[in-house]
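> Could you work out the structure for the sequence below:
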Amino acid sequence: MIGSNWAGTHSYRAQRLHRPATVDELRRILARAPRVRVLGSRHSFTDIGDSGELVSLDALPADVVVDGNVVWCSGAVRYGELAEALGGHALHNLASLPHICVAGAVATATHGSGDANGNLASAVAALELVTSEGELVRAARGDADFDGMVVGLGALGAVTRIALDVEAAYSLNQRVFEGLAWDVLLEHFDAITAAGCSVSVFARWGETADQVWIKSRGADGPAELFGARPASVERHPILGLDPVNCTAQLGVPGPWYDRLPHFRMGFTPSAGEELQSEYHVAREHAMDAIEAVRGLADIVRPVLQVSEIRTIAADRLWMSPQYERDSVAIHFTWAREPAAVRGVLAEVEATLAGFEPRPHWGKLFLRAPRYPRTADFARLAEQLDPRGVFRSGWTERFLDSPP
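Model prediction:
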């Protein structure tokens, strides 16, 4: 029995789990497997990581090595573990959870926030993967098809090692502001999202945006925010929950890896049992898209724990939601009520359809999105996986079917 994802919302159907200790062992497993997917840290909400057989790479050596301006590590390493091993170096950004593994986050274009920050995959300088033929393939930034290989959706091969851009370690502080009026947010959106190196707006689509979390380098940071109240105590993104699991706030500086995520590595992330969805729209449509979701408040709120609005910079990665467009992400953390949530998602996707939303690949969505490079990605998948070993029910629904 392989079990379920971290939130207990998907039970894996695979009948066999491989845990190779060496790359050579992995090559032999993949070369004879009929259908297989790589199992990461299980922080997805669908069957994207499920198939007839599963392979976990967590028994491979972490092998964290800084080489100039990049750090190499196993794809199975978790971001929190990598951060602690970096010493005087740092990554450009982190997601809200440090518990996720590097390869899984990269493959699904998982992201943090920040007008100048690309998603986590945009930091990939090189990678190594094992194909379904058992071949070890290496690619680096600038190589042909590299931009198609990075956000690979688990459809190209098993990513064994990744090189990420690094910079000098830095400190951050985090401040929370409460009760920001919607009209103020929309009028001053650019100024608010530029108020720190990472900014998140949390809301339940009520009379105001509940909280704005602003992460700033060093000891800098705004003392006020367009009439919103500075929080006098630490907060959890979901109102009423104990903030003990959250990273330090109230403007107290700390290491980059202990402020960029919303949640601390040693604690259960977020709310635990939940469902999640997220849609990315081009930044120029952000105001209209936010207003459109506000119009669904009465439909959304009965199954909503919290929403989060973030910004992400454009990139050139073929299957990235930020491909060639600066984006604004509208995230939903739902109650664990699958049928009700699917009904609400149908309304959300219909409402956002005119803005060409691109969903987060690791979260719940209903409609296959449109991507300019989908045909190129399909060609690359055929080239690297001619036997279709990494194909699955998920890829057939969202990659093989026309939108």
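> Next, give phi and psi for residue 90.
phi -150, psi 160 (degrees, to the nearest 10).
> That should have said residue 104, apologies.
When quoted as degrees, to the nearest 10, the phi and psi of residue 104 stand at phi -70, psi -40.
> Tell me, how many residues neighbour residue 42?
The tally of other residues near residue 42 (other Cβ atoms under 10 Å) stands at 20. Using the backbone N, CA and C atoms, a C-beta is placed for each residue, glycine as well.
> ok, it touching residue 9?
No - with contacts counted by Cβ atoms under 8 Å, residue 42 stays clear of residue 9, the gap being 10.4 Å.
> Can you give me the distance of the residue nearest the centre of the chain to residue 198?
In the chain, the centroid-proximal residue (Cα atoms, centre = their mean) is residue 110; its distance is 2.0 Å. Plainly put, residue 110 is 14 Å away from residue 198 if you go by Cβ to Cβ, to the nearest Å.
> and if you look at residue 192?
Taking Cβ to Cβ, one finds residue 192 at 12 Å from residue 198.
> Before we move on, what's the pLDDT of the residue nearest to residue 261 when sequence neighbours are not counted?
Once flanking residues are discounted, residue 261 sits nearest to residue 98: 4.5 Å by Cβ to Cβ, 6 or more residues apart in numbering. Note on residue 98: pLDDT of 91.
> need the contact list for residue 98.
Listed by Cβ atoms under 8 Å, 6 or more residues apart in numbering, the contact partners of residue 98 are 78, 79, 80, 83, 257, 261, 263, 264, 265.
> Mind giving me the packing neighbours of the helix or strand the third one falls within?
So that's residue 80. With elements taken from DSSP states H and E, the one containing residue 80 is helix 79-85. For helix 79-85, the packing partners by 3 or more Cβ pairs under 8 Å, 6 or more residues apart in numbering; DSSP states H and E come out as strand 70-74, helix 102-107.
> ok, residues contacting that helix?
62, 64, 71, 73, 90-91, 94-95, 98-102, 105, 256-257, 261, 265.
> Give the buried residues for that helix.
Going by neighbour count (16 or more other Cβ atoms under 10 Å), the buried part of helix 79-85 is 79, 80, 81, 82, 83.
> next one: stretch 174-194
Buried-residue list, stretch 174-194, by 16+ other Cβ under 10 Å: 174-178, 180, 182, 184-186, 188-189, 192-193.
> from the residues you listed, which two are the most distant?
Spanning the widest gap among those are 174 and 186, at 23.9 Å by Cβ to Cβ.
> Please tell me how far residue 398 sits from residue 381.
13 Å.
> These two: who's more crowded?
Neighbour totals were compared for residue 398 and residue 381, and residue 381 leads with 22 against 19 (other Cβ under 10 Å).
> any idea how far the closest residue in space to residue 151 that isn't next to it in sequence lies from residue 156?
Spatially, and ignoring its direct neighbours in sequence, residue 151 is nearest to residue 319 (4.3 Å; Cβ to Cβ, 6+ apart). Per Cβ to Cβ, residue 319 is found 10 Å from residue 156.
> Who has more neighbours out of the two?
Using other Cβ under 10 Å as the criterion, residue 319 and residue 156 rank with residue 319 on top: 27 against 24.
> mind checking the SS state of the more buried one?
On the three-state scheme (DSSP: H, G, I helix; E, B strand; the rest coil), residue 319 is labelled coil.
> Was I right to think it contacts residue 369?
No - between residue 319 and residue 369 there is no contact under Cβ under 8 Å: 9.6 Å.
> so who does residue 138 touch?
126, 127, 128.
> Quick check, pLDDT for it.
For residue 138, the model assigns a pLDDT of 98.
> repeat for residue 113
Looking at residue 113, its pLDDT reads 97.
> For residue 194, see how far away it is.
For residue 113, the distance to residue 194 - Cβ to Cβ - is 12 Å.
> Residue 273 too?
Counting by Cβ to Cβ, the gap from residue 273 to residue 194 is 35 Å.
> Identify, from the contacts of residue 138, the entry nearest to residue 307.
residue 127 (32.7 Å).
> What is the host helix or strand of the closest one packed up against?
Using DSSP H and E, residue 127 falls within strand 124-130. Contacts defined by 3+ Cβ pairs under 8 Å, 6+ apart place strand 124-130 against helix 23-32, strand 70-74, strand 136-140, strand 158-165.
> Measure how the longest one sits relative to strand 70-74, angle-wise.
Right, the one you point to is helix 23-32. For helix 23-32 against strand 70-74, the angle between stretch directions is 60 degrees (axes from the mean of the first three to the mean of the last three Cα atoms, to 10 degrees).
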